[in-house]
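Asker: predicted model and sequence below, questions to follow.
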Amino acid sequence: MTTCRGFDGERRRSRGSVGFRPGLIVVRDGREAACAQASTSPPKSRPCSAALCYADARRALLPHRGGAPSGQGMDGRTCKFWMVIGCAIVLAPARSSAEEGFDTEHIFGFMIGTDVGNVGEREFQTQTTARFGKGGAAYRALEHEVEIEVVPLPNFRIELGGTASLHDITGVPDIDDRRQFNFQGASLDLRYRLLDRNRAPFGFTIAAELHGDRIDETSGAKGRMYGTEFTLAFDRELIPNFAIGALNLIYQPEWARLEVGGISEKSSTIGAAFAGLARVRPNVLLGGELRYFRQYEGIGLGEFAGQALFVGPTAYFQLSERSRLTLSWSMQAWGRPAGSGGKLDLVNFERHQARMVFGINF
């Protein structure tokens, strides 16, 4: 039986700032581990479950109204992210033996694996992506996508999704201040696996995600936005049934026509991403992702606009036979906009990006 009892953290979260919250002690089979408490109310006993960790992870990604400007207080959010992962590891159900091999379809946060599922599989998935810090001012953007996935043919997967977005922007250069919530748009994701790593030296899948939006994902401005993300995905088991590595090569052309002023914009982004995950428990994978992007004006890689390198941890939890949870956090470790000698590119990219993916088979 698993129970929680409260304890007071070293620092409390004051109004309008991010710090340590009072936590919980998770007691399971005589072992204790710290996990994040969902509120700052006086500590009291309550049951612990994976659902509480899911709720804490969702709160960790949500923008905080009245909080510190973006780019500040991130140490508190990063600490909370690791506390949620620790809590989930303790609460993850244990099995007597690990499954053979990996299913890489959903184990990564910002990347994709080469697995596409078996014929007839159907899945419901929610994906929440948060982006913080831009232009040295208060920038918070949250996207919540609801998706349905089906596998109608061998090695071929189709995914349909709809996205709602929240923007809270103040004082960012070249972006209007706004605080709004809107339906953003719809997407279609197609994937076809060319090589199965169980029968070839590595897995290889091609993917194309098409989306049409009425809200610009960066500025929140209204208009008509169309784009496609082409991905070449590779993966291979580095240590059988223990560690796996993945590589993504990315090209993203974008077209946009904003409602205000009728301004038309075209841009393109190319990138390369690498991830490595290891099995630390039968149903838990931990690792990290490293992603490098270059952005250009025009869809044909015209004038160079900026570049950024993101790095951060990823955790995957198989909650049950049918449900799963993926958590990922990336921080811009290095970047440079065109014509600048700065060490970060907060013009074309964000300082922090976080993602939570929850899925269930039906």
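Answerer: Cool, got the structure. Numbers count the residues shown, from 1 in each chain.
Asker: any chance you could map the strands in the stretch 51-200 of the chain?
Answerer: 122-134, 137-153, 156-170, 178-195 (DSSP state E, counting those that start in this stretch).
Asker: can I get the ones you listed in JSON lines with mean neighbour count, distance to Glu321 and mean pLDDT?
Answerer: C-betas here are computed from N, CA, C, even on glycine. Formatted as JSON lines, the strands of the stretch 51-200 of the chain follow (neighbours: other CB atoms under 10 Å; distance: least, CB to CB, whole Å; pLDDT from 0 to 100):
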{"stretch": "strand 122-134", "mean neighbour count": "20", "distance to Glu321": "13", "mean pLDDT": "97"}
{"stretch": "strand 137-153", "mean neighbour count": "18", "distance to Glu321": "17", "mean pLDDT": "97"}
{"stretch": "strand 156-170", "mean neighbour count": "18", "distance to Glu321": "20", "mean pLDDT": "98"}
{"stretch": "strand 178-195", "mean neighbour count": "16", "distance to Glu321": "23", "mean pLDDT": "98"}
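Asker: adding distance to Leu247, write those out as JSON lines.
Answerer: Below are these laid out as JSON lines (distance: least, CB to CB, whole Å):
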{"stretch": "strand 122-134", "distance to Leu247": "21"}
{"stretch": "strand 137-153", "distance to Leu247": "23"}
{"stretch": "strand 156-170", "distance to Leu247": "19"}
{"stretch": "strand 178-195", "distance to Leu247": "13"}
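Asker: nearest to Thr314, of these?
Answerer: strand 122-134 (13.7 Å; CB to CB).
Asker: which other helices and strands does that closest one contact?
Answerer: The elements that strand 122-134 packs onto, with contact taken as 3 or more CB pairs under 8 Å, 6 or more residues apart in numbering; DSSP states H and E, are helix 50-61, helix 74-91, strand 137-153, strand 352-361.
Asker: pretty sure Val311 contacts Ser328?
Answerer: No: assessed by CB atoms under 8 Å, Val311 is found out of contact with Ser328, at 11.2 Å.
Asker: of these two, who's got more company?
Answerer: Legend: neighbour count by other CB atoms under 10 Å for Val311 and Ser328, higher for Ser328 (24 against 16).
Asker: now the more buried one. Nearest residue, chain neighbours left out?
Answerer: Nearest non-adjacent residue to Ser328, counting by CB to CB, 6 or more residues apart in numbering: Gly109, 2.2 Å away.
Asker: and Asp115, by the same measure?
Answerer: Glu105 (4.2 Å).
Asker: measure the one you found to Phe304 for me?
Answerer: 34 Å (CB to CB, to the nearest Å).
Asker: which one's more surrounded, these two?
Answerer: Of the pair Glu105 and Phe304, Glu105 is the one with more neighbours under other CB under 10 Å, namely 22 against 13.
Asker: so for Gly288, which of the strands of the stretch 51-200 of the chain sits nearest?
Answerer: strand 122-134 (17.6 Å).
Asker: what lines up beside that closest one in the sheet?
Answerer: strand 137-153 (antiparallel), strand 352-361 (antiparallel) (DSSP bridges).
Asker: quickly find the element holding Thr269.
Answerer: Thr269 belongs to strand 264-281 when elements are defined using DSSP states H and E.
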